[in-house]
Every structure is written in C-alpha cells, then in structure tokens.
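Engineer: Fold the stuff below for me.
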Amino acid sequence: MKLDTQFVRAQFPAFREVSLAGQAFFGNAGGSYTCGQVIDRLTRFYTQRKVQPYAPYAASLLAGEEMDEARARLSAVLNVAPDELSFGPSTTQNTYVLSQAFAAMMAPGDVVIVTNQDHEANTGPWRRLAERGFEIREWRIDPESGHLDPQALEDLLDDRVRLVCFPHCSNVVGEINDVAAICARIHAAGAVACVDGVSYAPHGLPDVGALGADIYLFSAYKTFGPHQGIMTIRRALGMALPNQGHVFNGDTLYKRFTPAGPDHAQVAACAGMVDYLDALYDHHFSESADAPSRGVAVHDLIRAHEAALLQPLLDHVAAKNTMRLIGPADAARRAPTVAIALAEPGEAVAARLAERGIMAEGGDFYAGRALSGMGVEMERGVLRLSFVHYTTRQEVDGLIDALDRV
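Structural biologist: Okay, the predicted model is just below:
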C-alpha cells in the first residue's frame with residue numbers, strides 16, 4: 001500500500017494558497033499545516049457555537065458535544081480511556097503543571113531522571129525541581145551519535161527514582177527511541193514513565209496503550225490541528241497526583257491538570273484531526289476496523305511513505321564532508337527531522353534556501369542541551385529540514401538540489 005499524496009494534499013488548504021505556491025515546506029517540526037477538517041470545525045464553532053458549553057440550550061449543548069467528541073475519538077485512536085486524555089494550552093504548559101503535581105507528591109531527596117536529548121519544554125520544568133530539594137539525574141546521549149543507551153538508564157535507576165522523562169524522539173537527533181522497552185525498564189524499577197511525543201506524533205499517532213507510557217504528551221498544532229497540548233495520563237496515576245485544577249473539578253480526571261478553563265473552540269476542532277485520519281484510512285483501506293486498529297494502519301502507511309522519502313536525503317547529507325548529519329543515517333530508525341551542522345550558521349543557509357523556494361530554519365530549536373552534548377557550536381546551531389507525509393518526492397529532490405546549490 002502506497003500513500004496517495006495527491007489525496008493527502010487535497011485535504012490541506014495550504015496547498016491551494018496562492019501566497020505559498022512554488023514553495024516547499026521543510027519546517028514542519030515547528031508546526032505543520034492544518035487540515036481542512038480542523039479548519040471547518042473551528043470555523044463552525046466560532047460562527048455557530050461560540051457560547052459557554054454544556055448549558056441547556058441548543059448551541060451550548062452542541063458546543064459541549066463537540067468537545068466531548070474530540071476527547072472520545074482522539075483517546076480511541078491513542079488506545080486510552082476517554083477520561084485519560086486532557087487538553088491544555090500547550091505541551092510546555094501541560095509539562096509544567098505536571099511538574100508541580102509531582103513536586104507536591106514527592107519527598108525531598110526523591111529522584112527525577114531527565115535526558116539531554118530533550119527539547120527544553122520537556123526537560124526544563126523537571127530540572128527546576130532541583131530548587132525544591134529533589135535530585136535530578138541526567139541520562140546522557142552518546143556525544144557522536146546522539147543515541148540514548150538504555151543500559152546507561154539502567155545505571156541511573158534505583159529505589160529513589162520516582163519519575164523518568166524522555167522523548168519518543170528528539171527534535172534534532174531524530175532517532176526513534178524504543179518507548180515500550182524503556183517504559184518496561186522504568187516500571188521494573190518502580191518508577192513512572194513520562195514520554196514527550198511532540199516530535200514523533202506528527203509522523204503517525206502512536207498506540208499509547210501498547211507503548212506502556214504512564215504519561216504521553218504531544219502538540220495538536222504539529223499534528224495538523226489547532227494550537228493545543230494533548231496529554232494522556234493513566235487514571236490511577238492521575239487520581240493519585242494532587243489536583244492542579246479548580247477544587248470542584250478534582251473528581252474529574254481530565255480536568256485535574258488544566259488549572260484554567262480550556263479553549264472550547266480549539267478542543268472541539270481537535271475532532272477534525274480524527275476526521276482527517278479517518279479520511280486517510282477510508283481512502284486507502286477497505287476493511288472495517290476499530291479506532292486503535294485504524295490508527296495503527298494509518299501510522300504505518302505514513303511511516304512507510306516518510307521513510308522512502310527520507311533515505312535519499314540522509315544518504316546525500318551523509319556523503320558530504322561539508323555537512324555533519326545529526327543522528328542516525330538509517331530512515332527506519334528516525335523521524336524525518338534532519339538537523340545538519342555546517343561550517344556557517346544554519347540560519348544563514350536557511351535564508352539562502354528560502355530564495356530557492358525551500359522553507360526551512362536554522363538555530364538551536366530549544367535543543368541546546370542535545371546539540372551541546374554532541375559538540376555543535378551553539379553560535380552556529382544547525383540547519384533543520386523537517387517534513388511530514390504530505391511532502392512529495394519531487395519536493396525532496398528539489399531540496400537536495402537546492403542544498404547542493406547553496
């Protein structure tokens with residue numbers, strides 16, 4: 001089965017936008033284009049249902065139903081219970097709220113393990129707990145490859161470790177970590193596994209239930225949706241942590257880690273993400289299946305397409321002695337987020353690529369710890385080229401040609 005990119009691109013209004021014509025988007029790790037299904041739902045909510053939800057009149061009831069629909073359908077795809085999924089203004093904010101909850105439950109001297117492969121949003125809130133008497137241990141990447149060695153984690157685990165926070169994949173290294181195996185190690189040590197899925201989820205929503213993560217976080221605006229953070233947390237853990245929401249919401253799991261009220265319209269619009277995934281499934285597959293199985297099928301379809309496009313780019317970069325590829329050179333082991341260290345600042349190269357119709361970026365991408373850990377000079381940063389499944393082979397070929405020319 002091959003992904004029908006013509007069908008895919010027809011679902012995204014950006015590809016019909018005159019102002020974007022003639023440009024190839026390789027900045028997707030910072031935020032993807034939004035699918036039409038999400039835009040339609042957001043527009044409908046703002047024009048027909050922009051009232052306080054859950055009141056006993058028609059517009060309000062419909063608003064509440066759409067919000068509930070988003071939670072129910074997304075949780076089904078992710079293979080978790082509906083109340084185990086909650087929305088927040090961003091993954092950064094969700095992580096900060098979680099850190100406050102854990103701090104209130106832990107005792108001084110308890111240990112949190114973080115990595116230096118992480119984006120700052122997932123590691124910063126946990127590292128700041130050191131100021132409150134908790135020990136922070138760092139699971140460090142290999143300075144050459146950027147790889148997180150599970151054995152190195154084993155050496156850090158003991159009976160004082162309460163929580164291990166790590167990424168599904170890094171936003172600069174790109175290597176896909178074996179979440180299920182890592183979570184099993186963490187659980188064997190009696191600790192909680194918190195997984196940052198922000199850089200992985202755009203490449204196919206995972207079966208969180210199968211991964212075994214106690215907490216899994218990602219961002220809707222990077223998965224073709226509105227600007228919301230999405231978090232799953234196991235019910236037993238979520239109810240054991242201190243409530244961070246309004247006191248009267250303490251008995252409702254999906255409200256316990258949302259201190260402020262949710263953005264009603266954006267929550268409702270997240271159902272459009274599942275509309276889109278369902279459209280992909282129905283276009284490519286004829287078999288009926290439940291939501292988790294449909295999600296797995298679409299995930300695998302997306303991953304196969306992206307890997308086929310990614311390998312030629314990795315081969316091209318790896319063959320150049322003027323470029324240092326960050327992370328593995330095997331497309332099967334990584335997401336299509338390709339960071340390249342160059343002799344000049346990545347931002348300067350990105351500006352020249354823009355003149356050739358390539359939309360990309362340079363900098364540190366809030367991943368300074370990972371880049372420093374691999375010896376990248378921070379004043380230069382990296383050039384980052386990231387794509388998702390709506391990218392075509394022609395666009396990748398054009399990117400490779402543009403790289404050579406600049």
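
Engineer: Which helix or strand lies directly C-terminal to the one helix or strand in the chain whose mean pLDDT sits lowest?
Structural biologist: Sorting the helices and strands of the chain by mean pLDDT, DSSP states H and E puts helix 120-127 at the bottom, at a mean of 94. For helix 120-127, the succeeding helix or strand toward the C-terminus, using DSSP states H and E, is strand 135-139.

Engineer: how about the CA coordinates for that following strand, as PDB?
Structural biologist: What follows is strand 135-139, C-alpha atoms only, in PDB (Å, rounded to 0.1, in the frame of the first residue of the first chain):
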ATOM      1  CA  GLU A 135      17.600  15.200  42.900                       C
ATOM      2  CA  ILE A 136      17.800  15.500  39.100                       C
ATOM      3  CA  ARG A 137      19.800  12.800  37.200                       C
ATOM      4  CA  GLU A 138      20.700  13.200  33.600                       C
ATOM      5  CA  TRP A 139      20.500  10.300  31.100                       C
END
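
Engineer: what's it packed up against?
Structural biologist: In terms of contacts (3 or more Cβ pairs under 8 Å, 6 or more residues apart in numbering; DSSP states H and E), strand 135-139 is packed against strand 111-115, strand 161-167. Where you see a C-beta, it was placed from the backbone N, CA and C, and this is true even at glycine.

Engineer: And the helix or strand that the last one is followed by, what's buried?
Structural biologist: In the C-terminal direction, the helix or strand that comes right after strand 161-167 (DSSP H and E) is helix 179-188. Neighbour-count burial for helix 179-188, with 16 or more other Cβ atoms under 10 Å as criterion, is recorded at 179, 182-183, 185-186.

Engineer: Stretch 125-144 now?
Structural biologist: Applying 16+ other Cβ under 10 Å to stretch 125-144 flags 125-127, 129, 134, 136-137, 139-141 as buried.

Engineer: How about residues contacting it?
Structural biologist: 92, 95-96, 98-99, 102-103, 106, 108-117, 147-149, 152-153, 156, 160-161, 163-166, 173, 370, 373-375 (Cβ atoms under 8 Å, 6 or more residues apart in numbering).

Engineer: So among the residues you listed, which ones count as buried?
Structural biologist: 92, 95-96, 98-99, 102-103, 106, 110-117, 147-148, 153, 161, 163-166, 173, 370, 373-374.

Engineer: Next, count neighbours for residue 359.
Structural biologist: Using other Cβ atoms under 10 Å, residue 359 is surrounded by 15 other residues.

Engineer: hang on, isn't it packed against residue 19?
Structural biologist: No: using Cβ atoms under 8 Å, residue 359 is not in contact with residue 19; the gap is 11.9 Å.

Engineer: mind checking the SS state of the residue nearest to the spatial centre of the chain?
Structural biologist: Nearest to the geometric centre of the chain sits residue 198, at 1.5 Å (Cα atoms, centre = their mean). Three-state call for residue 198 (DSSP: H, G, I helix; E, B strand; the rest coil): coil.

Engineer: shouldn't it be in contact with residue 92?
Structural biologist: No: look at residue 198 against residue 92 with Cβ under 8 Å: they stay out of range, at 9.4 Å.

Engineer: partner residues bridging residue 385?
Structural biologist: Beta bridges link residue 385 to residue 338, judged by DSSP bridges.

Engineer: in the stretch 301-406 of the chain, which spans are helices?
Structural biologist: Ranges of helices within the stretch 301-406 of the chain are 346-354, 368-373, 393-405, based on DSSP state H, counting those that start in this stretch.

Engineer: Among these, show me which one is buried the most.
Structural biologist: Of all the helices of the stretch 301-406 of the chain, helix 368-373 has the most neighbours on average by mean count of other Cβ atoms under 10 Å, namely a mean of 21.

Engineer: nearest spatial neighbour of residue 238, skipping sequence neighbours?
Structural biologist: residue 253 (4.9 Å; Cβ to Cβ, 6 or more residues apart in numbering).

Engineer: domains in this protein, as residue ranges please.
Structural biologist: Following automatic domain parsing, one gets these domains for the chain: 5-34+292-405, 42-274.

Engineer: Okay, now the first one: how far is its last residue from its first?
Structural biologist: With Cα to Cα, to the nearest Å as the measure, domain 5-34+292-405 spans 27 Å from end to end.

Engineer: rounded to a whole number, what's the mean pLDDT of that domain?
Structural biologist: Across domain 5-34+292-405, the average pLDDT comes to 97.

Engineer: Now do it: distance to the chain's middle.
Structural biologist: On the basis of Cα atoms, centre = their mean, to the nearest Å, domain 5-34+292-405 sits 15 Å off its chain's mean C-alpha point.

Engineer: burial measure for residue 47, as a count.
Structural biologist: 8.

Engineer: got it, and the one 5 residues further on?
Structural biologist: Neighbouring residues of residue 52 were enumerated by other Cβ under 10 Å; the total is 11.

Engineer: wait, what's in contact with the residue nearest to it when sequence neighbours are not counted?
Structural biologist: Among residues not flanking residue 52 along the chain, residue 60 sits closest, at 6.2 Å (Cβ to Cβ, 6+ apart). Each residue near residue 60 by Cβ under 8 Å, 6+ apart is listed here: 49, 51-54.

Engineer: Would you mind checking those for buried ones?
Structural biologist: Applying 16+ other Cβ under 10 Å to the contacts of residue 60 flags 49, 51, 53 as buried.

Engineer: Next, the last one: phi, psi?
Structural biologist: Note on residue 53: backbone dihedrals following degrees, to the nearest 10 are phi -80, psi 160.

Engineer: The second one now?
Structural biologist: When quoted as degrees, to the nearest 10, the phi and psi of residue 51 stand at phi -130, psi 170.

Engineer: That one and residue 63 touch, don't they?
Structural biologist: Yes: with contact defined as Cβ under 8 Å, residue 51 counts as touching residue 63 (6.0 Å).
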